[in-house]
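> What follows is a predicted protein model with its sequence.
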Amino acid sequence: MTKLNEYFDNELSAQEQLEVQMWLAEHGENPDPETQLAELFDGLHVDDDTAARAAFGRVAHRLGIAGGQKPAASHRARIVTWSQRIAAVLVIPLLCAVWLLYADRQPGVEWLEQQVPYGETAELALPDGTLLHLNSGSRITYPSAFTGKERRIFVEGEIFADVAKNPRKPFIIQSGEVGIRVLGTKFNFKSYTNTDCVEVLLVEGSVQFDINTKARKQQLVMKPGDMVQYDRASGDIDLTSFRPGYFKSFAENRAIHFFNLRMRDIAADLERLFGTQIVILDETLAQARYFAYFTNNENLDQILSAINSNHKMQVLRRDGVIYLSSN
């Protein structure tokens, strides 16, 4: 019960929120979770039913749910009532999980997970024909079949996606407080829980980038050549452009790009890619931003040397750990 309360109070990390959502999807048919949810929702004390219904209607429209229609079964009626209360207090992620469980779940559909170890990459073909390249340290949770009105997966990490086209069934990537909605396209998506920067580079097609936090709710429609970087720490959004014809993802010779990233995030990426612990010894260096692009399968020493071309960084190695500090 404590974890669900923390979820409602938005006290969990993005990764913990994802784990709670998936727990609900796995255990939602059991009586205990239903009882716990009922107790939590009854404790919300939403008195204005009109406001609750209006809030739920807006959220339902955004999620593609037929809000306002009478549910066909009694358990779904309870879920709609709960969802109205949730929407009234802006607990959107749980509404997504509840909808996945009761409106999109079909017999025989299982939730599967693939996790990529540090220093490795992987490929994954989804049931609809979408091809995903997964970078080091990434984790993806997906259904064994896409049976509802949308194709939704959960991602923590970095992927390059070649999405199978299906205009009648949008493809949705959920990663904590951000989401991507597409019909058919190629793009690079990066969202690790231990880094501040969430990044999308659109190579082909069109995607909608959604941000949904207490402080910010925004939708951006991207076109090929657009790059969006969302900073979780500051809430800032940076929209710039790149040349799709010259872009190589990590799936091509393990290409690596750092576009105006903090050294703290770069170090975290390098740890995952090369399986080597990197420690930054001062905050000034951790906050310094760098541009770098590597397309020839460079090793860790070559990458650090290129980043340190201005010789303002000291690199020390001790007992298998790399220590970085300002000169």
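Ah, there it is. Numbers count the residues shown, from 1 in each chain.
> What segments of the stretch 201-327 of the chain are strands?
207-212, 217-222, 226-231, 237-241, 256-262, 278-280, 289-294, 313-318, 321-326 (DSSP state E, counting those that start in this stretch).
> just the stretch 51-200 of the chain next, same as before
According to DSSP E, counting those that start in this stretch, the strands that the stretch 51-200 of the chain contains are 111-115, 122-125, 131-134, 139-143, 151-162, 171-175, 178-182, 186-191, 197-204.
> can I get the strands of the stretch 201-327 of the chain in JSON lines with mean neighbour count?
C-betas here are computed from N, CA, C, even on glycine. Converted to JSON lines, these look like this (neighbours: other Cβ atoms under 10 Å):
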{"stretch": "strand 207-212", "mean neighbour count": "20"}
{"stretch": "strand 217-222", "mean neighbour count": "14"}
{"stretch": "strand 226-231", "mean neighbour count": "20"}
{"stretch": "strand 237-241", "mean neighbour count": "13"}
{"stretch": "strand 256-262", "mean neighbour count": "19"}
{"stretch": "strand 278-280", "mean neighbour count": "18"}
{"stretch": "strand 289-294", "mean neighbour count": "14"}
{"stretch": "strand 313-318", "mean neighbour count": "12"}
{"stretch": "strand 321-326", "mean neighbour count": "16"}
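> Any chance of those strands in TSV with mean pLDDT and distance to residue 269 as columns?
Below are these laid out as TSV (pLDDT from 0 to 100; distance: least, Cβ to Cβ, whole Å):
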stretch	mean pLDDT	distance to residue 269
strand 207-212	91	20
strand 217-222	90	22
strand 226-231	94	14
strand 237-241	93	18
strand 256-262	92	7
strand 278-280	95	10
strand 289-294	92	11
strand 313-318	92	16
strand 321-326	94	13
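> Take these and write them to TSV, including distance to residue 182.
Output for the strands of the stretch 201-327 of the chain, formatted as TSV (distance: least, Cβ to Cβ, whole Å):
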stretch	distance to residue 182
strand 207-212	5
strand 217-222	10
strand 226-231	13
strand 237-241	17
strand 256-262	21
strand 278-280	33
strand 289-294	25
strand 313-318	38
strand 321-326	37
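> Any regions of the stretch 1-150 of the chain where pLDDT drops low?
Applying pLDDT under 70 to the stretch 1-150 of the chain picks out residues 1-107.
> again, only this time at 50
Within the stretch 1-150 of the chain, the ranges that satisfy pLDDT under 50 run 25-26, 28-30, 34, 40-48, 51-52, 54-105.
> Identify the bridge partners of residue 210.
residue 179, residue 219 (DSSP bridges).
> Could you work out the end-to-end span of stretch 253-264 for me?
Its first and final residues considered, stretch 253-264 spans 24 Å by Cα to Cα, to the nearest Å.
> contacting residues around it?
Here stretch 253-264 makes contact (Cβ atoms under 8 Å, 6 or more residues apart in numbering) with 121, 195-197, 199, 227, 229, 238, 240, 242, 247-250, 266, 269, 273, 280, 285-298, 303, 307, 324.
> list the buried ones in stretch 283-290?
285, 286, 288, 290 (16 or more other Cβ atoms under 10 Å).
> The first one reaches residue 324, doesn't it?
This points to residue 285. Yes. If you go by Cβ atoms under 8 Å, residue 285 and residue 324 touch, sitting 6.1 Å apart.
> which residues do these two both contact?
Joint contacts of residue 285 and residue 324 (Cβ under 8 Å, 6+ apart) are 263, 313.
> Residue 127 and residue 320, how far apart?
41 Å (Cβ to Cβ, to the nearest Å).
> Give me the more crowded residue out of the two.
residue 127 (15 against 7; other Cβ atoms under 10 Å).
> Residue 144 is in contact with the more buried one, correct?
Yes. Counting by Cβ under 8 Å, residue 127 touches residue 144, with 6.6 Å between them.
> May I ask which two of the buried residues of stretch 283-290 are separated the most?
Comparing every pair within those by Cβ to Cβ identifies 286 and 290 as the most remote, at 11.7 Å.
> In this structure residue 300 contacts residue 274, no?
Yes. Applying Cβ under 8 Å, one finds residue 300 in contact with residue 274, separated by 4.6 Å.
> Flag every buried residue along stretch 242-251.
For stretch 242-251, using 16+ other Cβ under 10 Å, the buried residues are 242, 244, 247, 248, 249, 250, 251.
> What lies in contact with that stretch?
121, 123, 133, 135, 158, 160, 188, 201-204, 224-225, 227, 255-257, 259, 295.
> Using PDB, write out every CA atom in that stretch.
The C-alpha coordinates for stretch 242-251 follow below in PDB (Å, rounded to 0.1, in the frame of the first residue of the first chain):
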ATOM      1  CA  PHE A 242      20.200  18.000 -37.800                       C
ATOM      2  CA  ARG A 243      20.900  16.500 -41.200                       C
ATOM      3  CA  PRO A 244      19.100  13.200 -41.300                       C
ATOM      4  CA  GLY A 245      21.000  12.000 -44.400                       C
ATOM      5  CA  TYR A 246      24.300  12.200 -42.500                       C
ATOM      6  CA  PHE A 247      23.000  10.900 -39.200                       C
ATOM      7  CA  LYS A 248      24.200   7.500 -38.000                       C
ATOM      8  CA  SER A 249      22.600   5.800 -35.000                       C
ATOM      9  CA  PHE A 250      24.300   3.500 -32.500                       C
ATOM     10  CA  ALA A 251      23.100   0.600 -34.700                       C
END
